[in-house]
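K.L.:
Provided below are the primary sequence and the corresponding predicted coordinates.
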Amino acid sequence: ACAPFRRLHVCDQNLEQIEPIKITNTHNLLVDVCMAAKFEGQSITREYPKYRATYNDSPSQICTMLARSFADIGDIIRGKDLYRGNNKEKTKREKLEENLKNIFGHIYEELTRGKTNKEAAKERYKGDENYYQLREDWWALNRQEIWKAITCEHPGGTYFRKTCVAGNETESNCRC
């Protein structure tokens, strides 16, 4: 299967560089994922003028690219990434998945050692050796900050459809 160009190296230099040993809590992970998203957004924003000159697409395309990369990051974090790439990329993705499993294992340990809600955490996440539910919950709690990070370098543009509460288009940074 063919993948869009943006998927060939998404988070290649960023999420894959996160070291599980340095992630001791959910806040550390959020900082690293936001940095990865910021660099991903910068990369897309920087390369977009060349892409647009070649393909002559509409201005909304950059927001679409940012949104799709954001969704890719979400899939990777939640363990739902279907794209494995060639053998070299497949090995990197497997290593990244193992790192994320270890990171969420650390977060699980922190949650179940805590003074509050540790029994509820144990009950909610029991038997989930890959921490998929914890990963889903983490993503749901942090996705807004990650969206801000991936779009922070894009100063303008409108989204591909009307998405704001009032039914109007986004005004800047691909946000309402």
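P.N.:
Thanks, I have the structure now.
K.L.:
low pLDDT regions in the chain?
P.N.:
Along the chain, the model assigns pLDDT under 70 to residues 1-25, 57-60, 84-85, 155-176.
K.L.:
Break down it into its helices, ranges please.
P.N.:
Ranges of helices within the chain are 5-8, 26-55, 61-78, 87-113, 118-125, 132-151, based on DSSP state H.
K.L.:
Quickly compare those helices and say which is most buried.
P.N.:
Stretch with highest mean neighbour count among those: helix 61-78 (a mean of 20; mean count of other Cβ atoms under 10 Å). C-beta here means a position set from N, CA and C on the backbone, and glycine is covered the same way.
K.L.:
With only the CA atoms kept, save it in PDB.
P.N.:
What follows is helix 61-78, C-alpha atoms only, in PDB (Å, rounded to 0.1, in the frame of the first residue of the first chain):
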ATOM      1  CA  GLN A  61      -4.600  21.900   2.100                       C
ATOM      2  CA  ILE A  62      -2.000  22.800   4.700                       C
ATOM      3  CA  CYS A  63      -4.600  22.600   7.500                       C
ATOM      4  CA  THR A  64      -5.700  19.200   6.100                       C
ATOM      5  CA  MET A  65      -2.000  18.100   6.200                       C
ATOM      6  CA  LEU A  66      -1.700  19.300   9.700                       C
ATOM      7  CA  ALA A  67      -4.900  17.600  10.800                       C
ATOM      8  CA  ARG A  68      -3.900  14.300   9.200                       C
ATOM      9  CA  SER A  69      -0.400  14.400  10.800                       C
ATOM     10  CA  PHE A  70      -2.200  15.100  14.100                       C
ATOM     11  CA  ALA A  71      -4.400  12.100  13.600                       C
ATOM     12  CA  ASP A  72      -1.300  10.000  12.700                       C
ATOM     13  CA  ILE A  73       0.400  11.100  16.000                       C
ATOM     14  CA  GLY A  74      -2.800  10.100  17.800                       C
ATOM     15  CA  ASP A  75      -2.800   6.700  16.200                       C
ATOM     16  CA  ILE A  76       0.800   6.200  17.100                       C
ATOM     17  CA  ILE A  77       0.300   7.200  20.700                       C
ATOM     18  CA  ARG A  78      -2.900   5.100  21.100                       C
END
